[in-house]
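Asker: I would like to see how this sequence folds:
(chains A, B, C and D)
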2 protein chains.
Amino acid sequence: MLQKKILAAPSIKRLPRYLHIIKQAQMDGAEYISATTIANELHLVSIQVRKDLGITGIIGKPRKGYPILPLIESIERFLNWDTEKKAIIVGAGNLATALTGYPEFFNHGLKFVAAFDTDTKKIGKNIHGVPVLSIKQLSEKVSELNATIAVLTVPSKVAQECANIITKSGIKAIWNFTNIKIKLPADVVSQFEDLTSGYAMLSVKMDSIHND
Amino acid sequence: MLQKKILAAPSIKRLPRYLHIIKQAQMDGAEYISATTIANELHLVSIQVRKDLGITGIIGKPRKGYPILPLIESIERFLNWDTEKKAIIVGAGNLATALTGYPEFFNHGLKFVAAFDTDTKKIGKNIHGVPVLSIKQLSEKVSELNATIAVLTVPSKVAQECANIITKSGIKAIWNFTNIKIKLPADVVSQFEDLTSGYAMLSVKMDSIHND
DNA sequence: TAGATTGTTAATCGATTAACAATC
DNA sequence: TAGATTGTTAATCGATTAACAATC
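Answerer: Just a heads-up that it's a prediction; the model follows:
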């Protein structure tokens, strides 16, 4: 199998933003887009965009830029956004409702197939068409539905406990929205999403303006 | 005024995680906490924690670590989490419901005072005790309520338009949850929160496991 | 005391940016 | 042609990590 090239984490995080700009250009009827155009839109420098897009292997044309169609395909392939991935969401609260209703995920292959909760008031209902089930059914349903990703949106107190249930079910990827760094077996990957870190950044930026 | 020291963005983003661990230790009755303890909990190396905590100016004790009480105070002061900040939320959808109901923000000085929307079905109601008002009232209410932060959770199509309304109201800090890089006057700070970048990271991590 | 831990200075590592020839 | 843009190699910058004396 062809070894996929390695890209630095900051570069990977920028790719979705590039993709968004490129798709907009496509909808505007463009066939090519230059690194300069993308960079200007995102307040970056063009050399950074050029370097990041190097991973795609798509050859740009001098004076025109990159051909949009293969560029989109290549970025989506790199991100594995070209294949459907079935996800469960553990904790059927407000954040789960926000995430299941966010169209960007669905558009990029992430399909929520079930939500799990302990609250009997929630079980049996559904959020954005996703059925809410008892957490006791998790393992059974994961096998049945072939889910490969678990999104964790439970209160932090039960985060580790839920993570254990998830890993027992055979799921190897956890998107963790709790503020707990959960302990996982070595073969399980996870992405820690910390909303308070963004708030910290904003607070510090606000303060620094006054101290210039 | 004493010039506040500058800390790199990655360090600032780690501070909330440290704070969380330190507060847990405090609740467990500890008076001191070492960089080693924090690092182990977060799967980091102790030198990194030590370096980051250097910004606080709190002097640690050899063999014991840092005194918890002043350490917490100092981190909170650095992040400006020790003062109340009034925020409005623009777009009263699912994400707004999740954010206004997230206790971590409230605990760190972020108080939502009003939500704004264009949907007449939402206007007049409230989300987690926060009144939903017409976006037409935004400017007036910002002055009246002394809000200093706007959290932007509207559909991307209207993101720039809403940002314009926000900046006209005099607000100088925008926490942007849309996937649009909005254009802002130079004196307005913003924090761009991109949920798809986390999804990109998770997808790539999942893929790399199989290609080892 | 021995040894765990701190704080600081230096070294390393990795990401960003610069330089520039090649191209259409 | 002139000039905007690419792709690649080299230089710079900044964050992380290492080293180590000081301390309790």
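
Asker: show me what from chain A comes close to DNA strand D.
Answerer: A:34-37, A:46-47, A:50-51, A:53-54, A:58-66 (CB under 7 Å from any atom of the strand). C-beta here means a position set from N, CA and C on the backbone, and glycine is covered the same way.

Asker: again, only using 6 Å
Answerer: Proximity of chain A to DNA strand D, by CB under 6 Å from any atom of the strand, involves residues A:34-36, A:46-47, A:50-51, A:54, A:59-60, A:62-63, A:65-66.

Asker: quick check: which ranges of chain A have low pLDDT?
Answerer: Flagging of chain A using pLDDT under 70 yields the residue ranges A:1-5, A:209-212.

Asker: which stretches in it count as strands?
Answerer: With DSSP state E, the ranges of strands along chain A come out as A:32-33, A:66-67, A:85-90, A:110-117, A:126-127, A:130-134, A:149-152, A:173-176, A:189-192.

Asker: columns mean neighbour count on top of these, output as TSV?
Answerer: Shown next, in TSV, are these (neighbours: other CB atoms under 10 Å in any protein chain shown):
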stretch	mean neighbour count
strand A:32-33	22
strand A:66-67	20
strand A:85-90	24
strand A:110-117	22
strand A:126-127	18
strand A:130-134	18
strand A:149-152	26
strand A:173-176	23
strand A:189-192	21
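
Asker: DNA strand C: which of the ones you listed is closest?
Answerer: strand A:32-33 (11.1 Å; CB to the nearest atom of the strand).

Asker: partners of that closest one in the sheet?
Answerer: Using DSSP bridges, the strands paired with strand A:32-33 are strand A:66-67 (antiparallel).

Asker: any bit of the partner strand sitting next to DNA strand C?
Answerer: No - using CB under 6 Å from any atom of the strand, strand A:66-67 never reaches DNA strand C; the gap is at least 12.2 Å.

Asker: how's chain A carved up into domains?
Answerer: As given by automatic domain parsing, the domain ranges for chain A are A:9-78, A:85-196.

Asker: so which of those domains is the most surrounded?
Answerer: domain A:85-196 (a mean of 19; mean count of other CB atoms under 10 Å in any protein chain shown).

Asker: so what's the gap between it and the chain middle?
Answerer: Here domain A:85-196 shows a centroid-to-chain-centroid distance of 13 Å under the convention CA atoms, centre = their mean, to the nearest Å.

Asker: does chain B have contacts with it?
Answerer: Yes - contact of domain A:85-196 with chain B (CB under 8 Å from any CB of the partner chain) involves A:85, A:93-95, A:97-99, A:101-102, A:104-105, A:108, A:110, A:148-149, A:172-173, A:175, A:179, A:181, A:187, A:189-191, A:193-196.

Asker: end-to-end on that domain?
Answerer: End-to-end distance for domain A:85-196: 28 Å, by CA to CA, to the nearest Å.

Asker: stretch A:84-97 too?
Answerer: For stretch A:84-97, the first-to-last residue distance is 20 Å (CA to CA).

Asker: circling back to that earlier point, which of the residues of chain A next to DNA strand D fall within helices?
Answerer: Among the residues of chain A next to DNA strand D, the members found in helices (DSSP state H) are A:35-36, A:46-47, A:50-51.

Asker: may I ask which two of those residues are separated the most?
Answerer: Using CB to CB, the two most remote members of those are A:Thr36 and A:Lys51, lying 13.4 Å apart.

Asker: if we can go back for a sec, can you tell me which of the residues of domain A:85-196 next to chain B are up against DNA strand C?
Answerer: Taking CB under 6 Å from any atom of the strand as the test, DNA strand C is in contact with none of the residues of domain A:85-196 next to chain B.

Asker: restricted to helices, list these.
Answerer: Short answer: those in helices (DSSP H) are A:94-95, A:97-99, A:104-105, A:195-196.

Asker: out of the residues you listed, who's nearest DNA strand D?
Answerer: A:Thr196 (17.2 Å).

Asker: in contact with the spatially most central residue of chain A, which residues?
Answerer: By CA atoms, centre = their mean, chain A has its centre lying nearest to A:Phe105, at 7.0 Å. Contact analysis of A:Phe105 by CB atoms under 8 Å, 6 or more residues apart in numbering or on different chains lists A:99, A:112, B:195-196, B:199.

Asker: now for those residues: which two are most distant?
Answerer: Pairwise distances across the contacts of A:Phe105 peak at 15.1 Å for A:Phe112 and B:Thr196 (criterion: CB to CB).

Asker: so which residue of chain A comes closest to DNA strand D?
Answerer: A:Gly60 (3.0 Å).

Asker: how far off centre is the biggest helix by length in chain A?
Answerer: Counting by DSSP H, the longest helix found in chain A is helix A:9-27. Centroid displacement of helix A:9-27 relative to its chain, using CA atoms, centre = their mean, is 13 Å.

Asker: other SSEs contacting it?
Answerer: Applying 3 or more CB pairs under 8 Å, 6 or more residues apart in numbering or on different chains; DSSP states H and E, we find helix A:9-27 packed against strand A:32-33, helix A:35-42, helix A:46-53, helix A:68-78, helix B:195-210.

Asker: kindly recompute the last result at 6 Å.
Answerer: With contacts taken as 3 or more CB pairs under 6 Å, 6 or more residues apart in numbering or on different chains; DSSP states H and E, helix A:9-27 sits against helix A:35-42, helix A:68-78, helix B:195-210.

Asker: compute the inter-axis angle for that helix and helix A:46-53.
Answerer: Comparing the axes of helix A:9-27 and helix A:46-53 via axes from the mean of the first three to the mean of the last three CA atoms, to 10 degrees yields an angle of 100 degrees.
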